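1. Next come a sequence and a model predicted from it.
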Amino acid sequence: MNDTDRLIKMKIDYSSVVGQKLKECDELMKDETKLNEVLDRLLPLEKQTRTAADAISTGRILVAIVKYCYVAKQWEHMNEHIVTFSKRRSKLKQAITKMMQEAYELVDKTPDLDTKLKLIETLRTVTTDKVRMIIEEGKTTSLFLINYLKFFVENELARVTKNLADIYESQDKIKEAAEILQQLQVESCGTIDHREKLEFLLEQMRLFS
């Protein structure tokens, strides 16, 4: 267990239970039509791990659900679950961050532009809300945890936004591409490294020129 997870005291360790359950679900998902059955097995377990403050196990389940939705080609289900999980005001926000990272990796694997745009918009909405939540809870949450989460969330938001701007530019929607990048206000993102921040700023200048 890493330092971040130690900040929240785990009541019960579900790692072995989750490991066994995910093996069963991996077998079931060899048949893509079994997604609903898999979700019926995992969602109650997710609630148990979350209630027990087992952040690692919760994260494993959330990542698996995103993967299984991808395997089953159920992108709408994926978007719905991402939004649902992110709205739960649990202290295990690092588990949500793991899920978001997994979903971001799937952006370029979407089957068509419409699906990609919907996933990007879901990720942008959720990550924006998470940044706001992290800032609001800064007075009551460990500074280490705040910085840990803010690092991943800001970077995810920046890259997803850049992806969306690239799509707009490919459609000759230069104004929309410029505006979406301008909304990012990357100069105020303290967790993005200087090289990448400079690249974003240069891209903003190019689109506005």
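-> That came through fine.
2. Tell me the secondary structure at the spatially most central residue of the chain.
-> Most central in the chain under C-alpha atoms, centre = their mean is Met100, positioned 1.2 Å from the mean C-alpha point. Three-state call for Met100 (DSSP: H, G, I helix; E, B strand; the rest coil): helix.
3. where's it relative to Glu24, distance?
-> Going from Met100 to Glu24 by C-beta to C-beta, to the nearest Å gives 25 Å. From N, CA and C alone the C-beta is placed, and that goes for glycine too.
4. count of residues packed around Arg159?
-> Residues near Arg159, counting by other C-beta atoms under 10 Å, number 17.
5. State the helix or strand in which it lies.
-> helix 143-170 (DSSP states H and E).
6. got it, and Leu117?
-> Short version: Leu117 belongs to helix 113-136, going by DSSP H and E.
7. Let me know the average pLDDT across that helix.
-> Per-region confidence: helix 113-136 scores 78 on mean pLDDT.
8. Surely Met29 and Asn36 touch.
-> No: in this structure, Met29 is not within contact of Asn36 by C-beta atoms under 8 Å, at 11.3 Å.
9. Just want to know which of these two has more residues nearby.
-> Met29 (18 against 11).
10. Do a quick rundown of the helices in this structure.
-> 3-6, 15-28, 35-51, 55-71, 75-87, 93-105, 113-136, 143-170, 174-182, 194-208 (DSSP state H).
11. Now the weakest link among those, please, by mean pLDDT.
-> When I compare these, helix 3-6 is least confident, with a mean of 43.
12. Show me this structure divided up by domain.
-> Per the record, the chain has its domains at 1-105, 109-209, by automatic domain parsing.
13. and those, which is most packed in?
-> domain 1-105 (a mean of 18; mean count of other C-beta atoms under 10 Å).
14. roughly how far is that domain from the heart of the chain?
-> 12 Å (C-alpha atoms, centre = their mean, to the nearest Å).
15. Repeat that for stretch 172-188.
-> Distance, centroid of stretch 172-188 to centroid of chain: 21 Å (C-alpha atoms, centre = their mean).
16. and that stretch, C-alpha only, in PDB?
-> Extracted in PDB, the C-alpha atoms of stretch 172-188 (Å, rounded to 0.1, in the frame of the first residue of the first chain):
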ATOM      1  CA  ASP A 172     -11.500  23.200 -39.600                       C
ATOM      2  CA  LYS A 173     -13.300  24.500 -36.500                       C
ATOM      3  CA  ILE A 174     -10.300  26.700 -35.600                       C
ATOM      4  CA  LYS A 175     -12.200  29.100 -33.400                       C
ATOM      5  CA  GLU A 176     -13.700  26.200 -31.300                       C
ATOM      6  CA  ALA A 177     -10.300  24.600 -31.000                       C
ATOM      7  CA  ALA A 178      -8.700  27.800 -29.800                       C
ATOM      8  CA  GLU A 179     -11.500  28.500 -27.300                       C
ATOM      9  CA  ILE A 180     -11.400  25.000 -25.800                       C
ATOM     10  CA  LEU A 181      -7.700  25.400 -25.200                       C
ATOM     11  CA  GLN A 182      -8.100  28.800 -23.800                       C
ATOM     12  CA  GLN A 183     -10.600  27.500 -21.200                       C
ATOM     13  CA  LEU A 184      -7.800  25.300 -19.900                       C
ATOM     14  CA  GLN A 185      -5.800  28.200 -18.400                       C
ATOM     15  CA  VAL A 186      -2.800  25.900 -18.300                       C
ATOM     16  CA  GLU A 187      -0.600  28.700 -16.900                       C
ATOM     17  CA  SER A 188      -2.300  28.300 -13.600                       C
END
